[in-house]
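>>> Can you look at this prediction? I've put the sequence above it.
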Amino acid sequence: MNLKSLTRSDWLWQIALILFALMLAAAVKWQPQVFQAVTLERPTPISPLAWQTDHFTNIAWLTALIHFCLVGLNLFLVHTMVRRYELIDSLSIFPVFFYLVFSACYPPAYGTNSALVASALMVAAAINVFDCYQAKNCQIQVFNVFLFTTLAAAFVPALLLILPLLWLSFNWVNSFTFNRLLASLAGILTVVWLFAGLSFLFGRWEMLLDCLSCLPDYLDFQWPGNWQEMTFLGCCALLFLVAALYRLNKFYSEKNSVRGYLSFLIFNWFVLVIMSMALSPLKDECLVLSVLPWSIMMGHFFNANDNRASRILLLLLLGSGLFCHFSWFLF
């Protein structure tokens, strides 16, 4: 069976989903502390909303269940975006498969429910960005883009650094005019006023400042992680670079809209990976956010390439992922 026929099979994502559930259950059984309390790598909450999302209960299996549901929500949004904008020229299920592979094989991301909520909001923002393609009047979509991104920053404050870069990357889809700049500022200020109103009602003005005050504490250019994790992440990065270079080689064979969409996703992946290194205590949160463009590029590459080299790369990714997961319990 070739890769293209494999990716159209319904059982591919179903088996991947079952394996993800089994790996998550194993983590609850053998490493329940990941779902229960603050770890040494994250001694303080990254934001008030993140604290409530990640550690609102000490029941490990309940937190894991919420994690499973949030991954399912992101899977649905990713698949909807791929189908809606025809990012892959066939009925490919590969992006969902690769999203599940990363979610299952990278245990440090378990329990980062706040990052999954932020990821869903970022997918909603990306959908609004894509809706702006060749649109004359898209101020509402621009407003939504920055509204969703600022809301995501309430869960992962590092995303505030992405806001200026969105003004640049938006130009791959449409021109960023002065009216759209005003719409983006209105989207940002809407969230700020929302937090200011909640702070006034509850008499807790620190809610408005906690998301900003914690950022300097996470500025660290060291990337903590054992060599098993780095092996898997290195394979993920290598395959993304291969997929990006392949897309550049076939740049003019894609539709104009798809070229703009994929360029936007590639840029965001690089930004999130750089942030994961610059803000190393937030490494896992940034990597969870980077899975969206990574999974789509993986699906795009493997759907278009069915040869010995692509199969070896796929086996290398799966092998390093399984090794990363099981070594987490053994070492």
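Nice, I can see it.

>>> where does the residue nearest the centre of the chain land on pLDDT?
In the chain, the centroid-proximal residue (Cα atoms, centre = their mean) is Leu289; its distance is 2.2 Å. For Leu289, the pLDDT comes out at 93.

>>> cool, and the one 3 residues further on?
Predicted confidence (pLDDT) for Leu292: 91.

>>> May I ask you to confirm that it is in contact with Val78?
Yes. Using Cβ atoms under 8 Å, Leu292 makes contact with Val78 at a distance of 6.2 Å. C-betas here are computed from N, CA, C, even on glycine.

>>> and for the two, which residues touch both?
Jointly contacting Leu292 and Val78 under the rule Cβ atoms under 8 Å, 6 or more residues apart in numbering are Tyr99, Val123.

>>> pretty sure Leu289 belongs to a strand, no?
No. Counting by DSSP: H, G, I helix; E, B strand; the rest coil, Leu289 is located in no strand; its state is helix.

>>> so it touches Val156, yeah?
Yes. Counting by Cβ under 8 Å, Leu289 touches Val156, with 6.9 Å between them.

>>> list residues touching both of the two?
Contacts common to Leu289 and Val156, judged by Cβ under 8 Å, 6+ apart, are Ala115, Ala118.

>>> ok, residues contacting the helix or strand harbouring Ala21?
Element membership for Ala21 (DSSP states H and E) is helix 10-30. Here helix 10-30 makes contact (Cβ under 8 Å, 6+ apart) with 6, 34-35, 60-61, 64, 67-68, 71, 75, 93, 96-97, 100-101, 103-105, 107, 110, 325, 329.

>>> what about burial for the residues you listed, which qualify?
Buried members of the contacts of helix 10-30, counted by 16 or more other Cβ atoms under 10 Å: 6, 34-35, 60, 64, 67-68, 71, 75, 93, 96-97, 100-101, 103-105, 107, 110, 325.

>>> Of the residues you listed, which belong to strands?
Among those, no member falls in strands (DSSP state E).

>>> just checking, which of these belong to helices?
Counting by DSSP state H, those place 6, 60, 64, 67-68, 71, 75, 96-97, 100-101, 103-105, 325 in helices.

>>> ok, which pair from the residues you listed is furthest apart?
Leu6 and Ala60 (34.8 Å; Cβ to Cβ).

>>> Surely Gly260 touches Val129?
No. Gly260 is not in contact with Val129 according to Cβ under 8 Å; the separation is 9.4 Å.

>>> Comparing these two, which shows the higher neighbour count?
The neighbour comparison of Gly260 against Val129 (other Cβ atoms under 10 Å) goes to Val129, with 27 against 21.

>>> who touches that one in this structure?
Gln141, Val145, Phe170, Val173, Phe264.

>>> For Leu100, see how far away it is.
As judged by Cβ to Cβ, to the nearest Å, Val129 and Leu100 stand 24 Å apart.

>>> Ok, Arg308 next?
Taking Cβ to Cβ, one finds Arg308 at 25 Å from Leu100.

>>> Could you do Lys29 as well?
20 Å.

>>> ditto for Leu22
Counting by Cβ to Cβ, the gap from Leu22 to Leu100 is 12 Å.

>>> So His67 versus Val191, what's the distance?
25 Å.

>>> Revised request: answer the last question for Trp294.
27 Å.
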